[in-house]
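>>> Could you work out the structure for the sequence below:
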Amino acid sequence: MFSLLGTWPAIQLDLANANVKPTRAHFWTVSKLASKFPHLEAQRKVTNARSKCAISTEQLMDLMVNSIGKEITFLKLDTRVIKSFDEVLSNHIEVVETSLWSVLRKIVLRKGVAKALQACASSVLHKRSDYEFLTTGNVLRKKIRLPGLFGNKAISAAYSWIKRTQAALLLDYLKEHLSQYDWDCLIVVVFNGSNYPESVLAEASKRFRRVFVEDGFFPGTLQIDPVGINAANSVPRCSAFYKRGRDFSEGGLPTAVTNRPSKRKFARVDLAPGFVFVPFQVPSDMQVTLHSPWVKDMYHFYDIVINAADQNPEEMFVIKEHPRFKRSVIGTRPRHPRVKFANGNITSELISNARTVVTINSTVGIEALLLGKQVITLGDACYNIQDLVLRANDMGRLNAALALRGWLPDDELRRQFLGFLWNYYLVKGSFTEPPIALASRILDHFELDSEVRDVIANLNSCNKWSPDYPCSVLCASSG
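Coordinates of the predicted model:
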């Protein structure tokens, strides 16, 4: 157990210097502990033990199966981003091909030609409202990224119909295919879950155990969450959770932030310290399309910044557009003397020199907290926690937050929150190099989620939260 309210006993295992040859049981013990507490010395010993025992990934999976007493299948789609998961989950994984022809072939093999033709007819003649929610993200992304083409209503409607038809067929197949599994023998791995085809897997797997995966908040980390990702994840939103029980920051805090290179060349801008830093986001990302009730897109965000500059004459606002988005808002509005663009500057330096960071819900906000900066959020974020950030969901609240020039996050809360993310919640690894013990880490997060919910239930019974920042685990994506 994670023992969130207790203290984990000291680990005295030292396989690296053992006088006897380590066994696979030794390795499994150290691997299990290190996967829970990656900051401990045990992490180093895992590498040494594994090299001595020469345990393969398949053998590691077999050890895990033996330890829990049940064969578990991990099911995922053939999404390219998480293809590397196939190797570390070894022969305990089933990968579902999602191309139209692959799905049709499987339906024919399972149901026969007649029923397959019936399924095709049903998908072609589908009711729009039955499947539109599964493909809305795909259509919106095309409109944002290629407005000249998908701004055409006929093209957009045709693309939407094609995607809905594909979604109908895939959903029909997945529901029937998943029905052959017992609940406790399957874990579904969903990448993000907001766009087709992963949105279909998320819909079809609601009654099964599953995890959502996405990039983590710091370099070399992943989110693996039974509830959702980003603003819909299971990270507790109440300050009381972080101020009661164990020291989450005991294992240290992250030391690096993400500095993504720009896809275009921009000149560096000289800036005097003390500005308001406004990192723009990818407008087609789910963080904006699903978790930003106020700010609709980056053009709207630009208007908000100009409005804030007009109403706060003592402030200088510095915008950096997201390097992954090729289009720009520069030149779409009249220039403002106290609104500058710094697309060529390094993000970490902009955070360091800023007085405050105003963000919708970007990971830049978490990186700013790492540096002890004031953060103002305009959308839904997993770090919207009382005394950690200032929240503004309209222009009046934004101006009021900007007026709190001396406000800073509670330092104990800041360290505890970051420590929880770094030492407990985030998984060390990446999509290209996932952790060898990925299966163990996935199982760990079901355990962590359960324990977090127990702690929060106890806090709720004692009324240890604010009505504006409810003490909860957000369950928007849990079904």
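
>>> mind checking the SS state of Lys340?
Taken by DSSP: H, G, I helix; E, B strand; the rest coil, the conformation at Lys340 corresponds to strand.

>>> Oops, could you answer that again for Lys206 instead?
coil.

>>> State the pLDDT value of it.
With respect to pLDDT, Lys206 has a value of 95.

>>> same check, this time on the one 5 residues further on
According to the model's per-residue confidence, Val211 sits at a pLDDT of 97.

>>> From what I see, it and Gln223 are in contact.
No: Val211 lies out of contact with Gln223 (CB atoms under 8 Å); the separation is 9.2 Å. Any C-beta I mention is one placed from the backbone N, CA and C, and that applies to glycine too.

>>> can you confirm Ile366 is in a strand?
No: applying three-state DSSP, one finds Ile366 to be helix, outside a strand.

>>> tally of neighbours for it?
Number of residues near Ile366 (other CB atoms under 10 Å) recorded here: 23.

>>> Likewise for Asp86?
Neighbours of Asp86 (other CB under 10 Å): 16.

>>> can you give me the end-to-end distance of stretch 379-396?
Distance between the two ends of stretch 379-396: 15 Å, counting by CA to CA, to the nearest Å.

>>> how about low-confidence regions in the stretch 351-479 of the chain?
Applying pLDDT under 70 to the stretch 351-479 of the chain flags the ranges 461-479.

>>> Which stretches in it count as helices?
363-370, 395-403, 411-420, 438-461 (DSSP state H, counting those that start in this stretch).

>>> Just give me how far the first one sits from the chain centre.
Right, helix 363-370. Its chain's C-alpha centre lies 14 Å from the corresponding centre of helix 363-370 when counted by CA atoms, centre = their mean, to the nearest Å.

>>> can you check the longest one too?
Average the C-alpha atoms of helix 438-461, do the same for its chain, and the two points are 17 Å apart (CA atoms, centre = their mean).

>>> cool, and the second one?
Average the C-alpha atoms of helix 395-403, do the same for its chain, and the two points are 28 Å apart (CA atoms, centre = their mean).

>>> and stretch 317-335, average pLDDT?
92.

>>> Any chance you could list what contacts that stretch?
Applying CB atoms under 8 Å, 6 or more residues apart in numbering, the contact partners of stretch 317-335 are 145, 260-264, 269, 271, 275-284, 298-299, 302-303, 305-306, 308-309, 338-343, 345, 347, 350, 354.

>>> Now Thr98. Nearest residue, chain neighbours left out?
Pro197 (4.5 Å; CB to CB, 6 or more residues apart in numbering).

>>> For the one you found, report the pLDDT, please.
For Pro197, the model assigns a pLDDT of 97.

>>> What is the burial count for it?
Neighbours of Pro197 (other CB under 10 Å): 24.

>>> list the contacts for it?
77, 79, 98, 166-167, 170.

>>> can you give me phi and psi for it?
The phi and psi torsions at Pro197 (degrees, to the nearest 10) take the values phi -90, psi -10.

>>> Check the one 5 residues further on too.
Note on Ala202: its backbone torsions stand at phi -60, psi -40 [degrees, to the nearest 10].

>>> what about it, how many neighbours?
Neighbour tally, Ala202, other CB under 10 Å: 21.

>>> neighbours around the residue nearest to it when sequence neighbours are not counted, how many?
With CB to CB, 6+ apart as the criterion, Ala202 has its nearest non-adjacent residue at 4.0 Å, and that residue is Gly193. By the criterion of other CB under 10 Å, Gly193 has 22 neighbours.

>>> In three-state terms, how would Leu253 be classified?
coil.

>>> now the contacts of Pro197 as a markdown table including pLDDT, secondary structure and distance to Leu370?
Listed next are the contacts of Pro197 as a markdown table, based on pLDDT from 0 to 100; DSSP: H, G, I helix; E, B strand; the rest coil; distance: CB to CB, whole Å:
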| residue | pLDDT | secondary structure | distance to Leu370 |
| --- | --- | --- | --- |
| Leu77 | 98 | strand | 34 |
| Thr79 | 96 | coil | 30 |
| Thr98 | 96 | coil | 38 |
| Gln166 | 95 | helix | 41 |
| Ala167 | 95 | helix | 39 |
| Leu170 | 96 | helix | 40 |
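
>>> out of these, who has the most neighbours?
Leu170 (29 neighbours).

>>> what about that one, distance to Ala202?
12 Å (CB to CB, to the nearest Å).

>>> Please apply the same query to Ile330.
36 Å.

>>> do Pro273 as well
Distance from Pro273 to Ala202, by CB to CB: 44 Å.

>>> Count residues in the vicinity of the residue nearest to Leu174 when sequence neighbours are not counted, would you?
Of all residues not flanking Leu174 in the chain, Ala204 sits nearest, at 3.8 Å (CB to CB, 6+ apart). Ala204 is flanked by 23 other residues according to other CB under 10 Å.
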